[in-house]
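> I'd like to go over a predicted model; first the sequence, then the structure.
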Amino acid sequence: MNDRPKFSQEDHLEMVKNAWNAYQPSYMEFNLKARPDYYQFFVNGGVSLDDYEIELLGDIHRLKLLDTSCACDASQALSWLNLGADVTAI
């Protein structure tokens, strides 16, 4: 028997939004401490992927990429974009 409380879809969405809003500012603060030029790094074409990740996919220029877990900072999505992929991030 499952004694877990039942939540409506709206309740669940509200919990996810609240968790995101609590987490995201701290995460970005951490990123900005580690890399104060964080935004400019990606504007200038920066890539924060490891070499093996890039080698694994090879040339991605003009490939369509869907990043369904771009996290709080979208660094992977921005990196793939800077490598030439057509990126949709959610």
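Sure, I can see it.

> So what's the gap between the longest helix anywhere in the chain and the chain middle?
The longest helix of the chain (DSSP state H) is helix 9-34. Here helix 9-34 is found 12 Å from its chain centre; the criterion is Cα atoms, centre = their mean, to the nearest Å.

> Give me the mean pLDDT for that helix.
Averaging pLDDT along helix 9-34 yields 88.

> Give me the distance from the next helix or strand after that helix to the chain's centre.
Tracing the chain past helix 9-34, the next element assigned as helix or strand by DSSP states H and E is helix 38-43. Computed by Cα atoms, centre = their mean, the chain-centroid distance of helix 38-43 equals 14 Å.

> what's the answer for stretch 39-55, then?
Relative to the chain's own centre, stretch 39-55 is displaced by 13 Å; criterion: Cα atoms, centre = their mean.

> Contacts for that stretch next, please.
Contacts to stretch 39-55, defined as Cβ atoms under 8 Å, 6 or more residues apart in numbering, come from residues Arg35, Ser75, Gln76, Leu78, Ser79, Trp80, Asn82, Leu83. The C-beta positions use only the backbone N, C-alpha and C, and glycine is treated the same way.

> What of stretch 68-75?
20, 23-24, 27-28, 31, 38, 42, 48, 67, 76-77, 89-90.
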